[in-house]
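In: What follows is a predicted protein model with its sequence.
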Amino acid sequence: MSDVENCIIIGSGPAGWSAAIYAARANLRPLLFEGAMTEENRVMGRFPMGQLAQTTEVENYAGFPSGKLKEFIDSAIDPSRKYMFPPVEEHPHAVTGPELMELMRQQATNFGTRVMTDDIVSVDFSKKPLVLNSSENGSFQTHTVIIATGASANYLGLPSEEKYRNRGVSACAVCDGALPRFRNKPLVVVGGGDSAVEEASYLTKYASKVYLLLRRGEMRASKIMQERAFANPKIEMVKFSVVDEVLGDDDPRIGVTGVRIRNLQSDSTSTLEATGMFLAIGHTPNAKFLGGQVDLRENGYIDWKQPYRTITSVDGVFAAGDVADDYYRQAITSAGTGCMAALDAERYLSHAGIH
Ligand code: NDP
């Protein structure tokens, strides 16, 4: 087992990197686990850099107005990391999720954050120092932990959905939307929140048409996103409807061929021809690896024990971002709570006389 660390951060979204920037600048020499580059993590949406790595342009992160970002990004990011995000286009654009994450990662490492491309798979918080067990690199002891593992996309849980996952069923339009199977074909997006509209709008770049499947008569998405959906001629809303079954061909090259839907008002079924079904029905916090050793709220999110603090039920363990926040869930609020967690960890160490 390694020496005792001051602060280990688990997670590489905006909360994790912001915590790392603050912890590193406070001389805590943080060690950050960014997640492993495994196929399972890719499929489950748990690849390094979190949910933002799976999005396109980020228009609401303060400080990044649309503009000619190429020169700035070229000068800021280590050239060896350029493969992590698609080439920056020449024309003015808002910063993309992958670019924003890479910029945050760079800022954290500039101040001495050490990064491990590995998962923490279990913990032992029953004694001090706290123990974290990684998938590939053994166990780590630490005085403080910042949990910033975010949340992963939900699936409906239908056997047919599972059968065609990665063969037309996806929860990430940005990752998979450009695949040949989806080009110039009708697609179905399930959900009516901001994510669903974002996914549907993105998919219209490739698809002939996108059905937005709403289980109610209206969308949950914000006004501006709703207007975007209404204004897009390729998006057709299918209201009061849920997925009954994903239809497809056993030949993996064909995969999904349609979605049988049920109208909740008439209880009748019909089939939408489509080569893909994209889920955008919310997220589940990534807290399973904690094995019940940190108190969760009823909905599975980590319980912050005091208002305006990131402290959890375990002394020395702090939580930031979407793994704890079931309300705001924005990149910028995650970054804010990441900063708070690092400050809380620093003060904890200082009160304990450790740092
Ligand atoms: P939301 O919880 O906002 O929306 C989930 C949607 O999925 C709802 O329309 C819900 O329907 C529907 N849904 C849930 N379960 C089922 C089911 N079993 N079958 C069918 N439909 C289902 O999640 P999002 O991921 O869209 O957004 C999460 C947060 O992230 C929000 O705060 C959002 O504002 C933010 N966000 C912001 C973006 C932006 O600003 N550009 C982009 C993406 C996300 P119902 O409404 O009936 O409950």
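Out: Happy to help now that I have it. Numbers count the residues shown, from 1 in each chain.

In: okay, Lys68: pLDDT?
Out: Looking at Lys68, its pLDDT is 83.

In: And Ile77, by the same measure?
Out: We note a pLDDT of 91 for Ile77 in this prediction.

In: Now do the buried residues in the longest helix that the chain contains.
Out: Longest helix in the chain by number of residues (criterion: DSSP state H): helix 331-351. Residues of helix 331-351 classed as buried by neighbour count (16 or more other CB atoms under 10 Å): 331, 333-346, 348-349. In this view, the C-beta of every residue, glycine as well, is placed from N, C-alpha and C.

In: Please apply the same query to stretch 36-51.
Out: 36, 41, 45-51.

In: go on, stretch 278-296?
Out: Those would be 278-281, 283-287, 289-290, 293-294, 296, for stretch 278-296 by 16+ other CB under 10 Å.

In: In helices only, show me these.
Out: Using DSSP H, none of the buried residues of stretch 278-296 sit in helices.

In: Which residue in the buried residues of stretch 36-51 has the weakest pLDDT?
Out: Gly45 (73).

In: Contacts only, for that one.
Out: Contact analysis of Gly45 by CB atoms under 8 Å, 6 or more residues apart in numbering lists 51, 54, 152-153, 171-172.

In: Next, it: phi, psi?
Out: phi 70, psi 30 (degrees, to the nearest 10).

In: near the ligand, which residues of the stretch 51-200 of the chain?
Out: 60, 156, 190-196, 198 (CB under 6 Å from any ligand atom).

In: count of neighbours near Gly67?
Out: 11 (other CB atoms under 10 Å).

In: Which strand residues bridge it?
Out: Gly67 has these beta-bridge partners by DSSP bridges: His93.

In: now it: how far from Asp74?
Out: 14 Å (CB to CB, to the nearest Å).

In: Next one: whatever residue of the chain ends up closest to the ligand relative to Ala280, how far apart?
Out: Residue of the chain nearest the ligand, by CB to the nearest ligand atom: Gly193 (2.4 Å). Distance, Gly193 to Ala280, by CB to CB: 7 Å.

In: Likewise for Glu34?
Out: From Glu34 to Ala280 the distance is 25 Å (CB to CB).

In: next one: Pro48
Out: From Pro48 to Ala280 the distance is 22 Å (CB to CB).

In: In stretch 137-145, which residues are buried?
Out: Going by 16+ other CB under 10 Å, stretch 137-145 has these buried residues: 140-145.

In: Restricted to strands, list the residues you listed.
Out: 140-145 (DSSP state E).

In: What number of residues are in the vicinity of Lys82?
Out: 14.

In: And it, its phi and psi?
Out: According to degrees, to the nearest 10, Lys82 has phi -60, psi -20.

In: mind listing the helices for the stretch 101-250 of the chain?
Out: 159-163, 173-176, 194-203, 223-231 (DSSP state H, counting those that start in this stretch).

In: what's the angle between the last one and helix 194-203?
Out: Think helix 223-231. 40 degrees (axes from the mean of the first three to the mean of the last three CA atoms, to 10 degrees).

In: Give me the contact list for helix 223-231.
Out: By CB under 8 Å, 6+ apart, helix 223-231 touches 194, 197-198, 200-201, 212, 219, 221, 235, 237.

In: again, only using 10 Å
Out: Residues from elsewhere that reach helix 223-231, judged by CB atoms under 10 Å, 6 or more residues apart in numbering: 59-60, 189, 192-198, 200-201, 204, 210, 212, 218-222, 235-237.

In: can you list the weak-confidence ranges in this protein?
Out: For the chain, applying pLDDT under 70 flags the ranges 1-2, 87-91.

In: Pick out the most distant pair among the residues of the stretch 51-200 of the chain next to the ligand.
Out: Asn60 and Leu156 (28.3 Å; CB to CB).

In: doesn't Ile9 fall inside a strand?
Out: Yes: assessed with DSSP: H, G, I helix; E, B strand; the rest coil, Ile9 lies in a strand.

In: residues in contact with the spatially most central residue of the chain?
Out: Here the mean C-alpha position of the chain is nearest to the C-alpha of Gln51 (CA atoms, centre = their mean), at a distance of 2.1 Å. Each residue near Gln51 by CB under 10 Å, 6+ apart is listed here: 13-14, 45, 97, 101, 150-153, 172, 195, 283, 321-322, 329, 331, 334.

In: Pro285 and Val294 touch, don't they?
Out: No: Pro285 lies out of contact with Val294 (CB atoms under 10 Å); the separation is 11.1 Å.

In: what touches both of these two?
Out: With CB under 10 Å, 6+ apart as the test, Pro285 and Val294 both reach 147, 302, 319, 323-324.

In: Now tabulate these in TSV and tack on neighbour count, secondary structure and distance to Ser135.
Out: Listed next are those as TSV, based on neighbours: other CB atoms under 10 Å; DSSP: H, G, I helix; E, B strand; the rest coil; distance: CB to CB, whole Å:
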residue	neighbour count	secondary structure	distance to Ser135
Ile147	32	strand	16
Ile302	27	strand	21
Ala319	32	strand	21
Val323	28	helix	18
Ala324	29	coil	23
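
In: which one of these is nearest Arg253?
Out: Out of the shared contacts of Pro285 and Val294, the member with the shortest distance to Arg253 (by CB to CB) is Val323, at 37.6 Å.
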